[in-house]
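J.: Predicted model, plus sequence, below.
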Amino acid sequence: MTLESSVRSTLTEAVFDEHPDQIAVIDTDGVIRATNRAWETFGAENGAVIATDMIGDNYLAACRNGDDEVGARAADGIEAVIDGSQSTFTVEYPCHSPTEQRWFTMHAQPFTVAEESFVLIDHADITDRYQAEQAVAERNELLELVAGVLSHDLRSPLSVALARIELIESDGTHADTVRGSLERMGDIIEDALLIAREKDLGPLETVALDSAAQNAWAHVSTGDATLTVDTAASIAADASLLSQLLENLFRNSVEHGTGDGQPRSTDAGAVAVTVTARDDGFAVTDDGPGIPPDRREQVFNAGFTTSTQGTGTGLGLLIVREIARAHGWSVRATDAPGGGAMVVVSGASMSE
């Protein structure tokens, strides 16, 4: 059954107005010829200082107004659709309000009515999809972290165990060391699974920072490097995860003693590492050249390494960050007071 022209027109207008996306129709000069109710409502709800329907305004000029890079890119894309060099154009962009974070996609599609050309502009709220994608990305990063824990942090105790097995075969006096390394590997696997499953930590223990640091130091190949623990404070923490955090900080200091991934020169002497307590956490410093300011946030990201020898995994400080987050702590890199690098862990409960 064919609808009469007037009925069809009414139905089309109703569908146009009831569509949840913000929709506008522009001509080939970029002038807005029609907008739907969602467009008008969005403008009113977001403090538009011009007529909320924007009919008669030049949409391309509005996109280019100010220094908004996304707006300029949108205008370029729409112009490409108008001149026929591009069949359609789509761009995703953030449009946050004071109370919520939101993301949208803008799609430009050409069409013709009575031999006159127009472009349909459709803005759709993709916040749910965007946040779901971000959650998947974060989950993938977490799984990468777990894989990194298993490959990165198991290396040291495994190396110790393998080396001592040879000695056991010759004189039988290293069984305790091998047993300790194997037990530590079991702890690391349990920690990795805890992070992968995103479980809450159990009851925290009161851990002596001095003992934790000394024990962690024993699990790292430190060469001639030295450790000073200048505190008698205790910290509320998961003892095994705290050890893993410290091991990675120590390994990072020892392996990057020159700041460029190169072995530390003989003239510079052995790397000196120090652990000190703070009111709400602790700091690990070394006497290397430090971390450049523009890299201090990057060093905690997956895959970032300054090693030029192909030995850096870019996982050590990412593991530190995730263990700190699991405890509700924060971590940052800065300059050591006497020169060198300092990593500060804050937000912890400390006691004497």
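T.: Yep, that arrived. Numbers count the residues shown, from 1 in each chain.

J.: make it CA atoms for all contacts and neighbour counts henceforth
T.: Fine.

J.: what about the helices in the stretch 151-300 of the chain?
T.: In the stretch 151-300 of the chain, helices defined by DSSP state H, counting those that start in this stretch lie at 155-171, 175-196, 209-218, 239-255, listed in chain order.

J.: between these, which has the poorest average model confidence?
T.: Mean pLDDT is lowest for helix 175-196 among the helices of the stretch 151-300 of the chain, at a mean of 65.

J.: The closest residue to residue 234 other than its chain neighbours: how many residues sit nearby?
T.: Of all residues not flanking residue 234 in the chain, residue 208 sits nearest, at 4.2 Å (C-alpha to C-alpha, 6 or more residues apart in numbering). By the measure other C-alpha atoms under 10 Å, the count of residues near residue 208 is 19.

J.: Also residue 222?
T.: Other residues close to residue 222 by other C-alpha under 10 Å number 17.

J.: Distance of it relative to residue 28?
T.: To residue 28, residue 222 is 69 Å away according to C-alpha to C-alpha, to the nearest Å.

J.: Can you name the next helix or strand after the helix or strand that contains residue 345?
T.: Taking DSSP states H and E as the definition, residue 345 sits inside strand 341-346. Downstream of strand 341-346, the next assigned helix or strand under DSSP H and E is strand 350-351.

J.: Which residues are in contact with residue 351?
T.: 233-235 (C-alpha atoms under 8 Å, 6 or more residues apart in numbering).

J.: Looking at those residues, state which has the most neighbours.
T.: Neighbour max across the contacts of residue 351 (other C-alpha under 10 Å) = residue 235, 23 neighbours.

J.: For the closest residue to it other than its chain neighbours, give me its contacts.
T.: Nearest residue to residue 235, sequence neighbours excluded (C-alpha to C-alpha, 6+ apart): residue 350, at 4.6 Å. Taking C-alpha under 8 Å, 6+ apart, we find residue 350 in contact with 233-236, 279-281.

J.: Dump those to JSON lines, plus distance to residue 24 and pLDDT.
T.: Formatted as JSON lines, the contacts of residue 350 follow (distance: C-alpha to C-alpha, whole Å; pLDDT from 0 to 100):
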{"residue": "233", "distance to residue 24": "64", "pLDDT": "94"}
{"residue": "234", "distance to residue 24": "63", "pLDDT": "95"}
{"residue": "235", "distance to residue 24": "59", "pLDDT": "96"}
{"residue": "236", "distance to residue 24": "57", "pLDDT": "96"}
{"residue": "279", "distance to residue 24": "57", "pLDDT": "90"}
{"residue": "280", "distance to residue 24": "54", "pLDDT": "93"}
{"residue": "281", "distance to residue 24": "55", "pLDDT": "94"}
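
J.: Please render these as a markdown table that adds distance to residue 270 to the earlier fields.
T.: Output for the contacts of residue 350, formatted as a markdown table (distance: C-alpha to C-alpha, whole Å):
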| residue | distance to residue 270 |
| --- | --- |
| 233 | 27 |
| 234 | 28 |
| 235 | 29 |
| 236 | 32 |
| 279 | 29 |
| 280 | 30 |
| 281 | 26 |
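
J.: just checking, which of those belong to strands?
T.: The strands, defined by DSSP state E, take in 234-236, 281 from those.

J.: Out of those residues, which is nearest to residue 340?
T.: Using C-alpha to C-alpha, residue 281 comes nearest to residue 340 of the ones in strands among the contacts of residue 350, at 19.5 Å.

J.: okay but that closest one is in contact with residue 348, surely?
T.: Yes: between residue 281 and residue 348 there is a contact at 4.9 Å, judged by C-alpha atoms under 8 Å.

J.: Neighbour count for the two, which is higher?
T.: residue 281 (23 against 19).

J.: okay, how far is it across stretch 279-297, tip to tip?
T.: Note: stretch 279-297 ends 23 Å apart using C-alpha to C-alpha.

J.: And the strands in the chain?
T.: 22-27, 32-35, 89-94, 103-113, 116-125, 205-208, 226-230, 234-237, 272-278, 281-286, 330-335, 341-346, 350-351.

J.: Redo those strands as CSV? Include distance to residue 178.
T.: CSV is the format used below for the strands of the chain (distance: least, C-alpha to C-alpha, whole Å):
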stretch, distance to residue 178
strand 22-27, 66
strand 32-35, 74
strand 89-94, 54
strand 103-113, 54
strand 116-125, 58
strand 205-208, 24
strand 226-230, 23
strand 234-237, 26
strand 272-278, 26
strand 281-286, 28
strand 330-335, 32
strand 341-346, 31
strand 350-351, 33
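
J.: Next one: the residue nearest to the spatial centre of the chain, what pLDDT does it get?
T.: Centroid check for the chain by C-alpha atoms, centre = their mean gives residue 301 as the closest residue, at 6.6 Å. The model reports residue 301 with a pLDDT of 70.

J.: I figured it hits residue 319, correct?
T.: No: using C-alpha under 8 Å, residue 301 makes no contact with residue 319, being 9.3 Å away.
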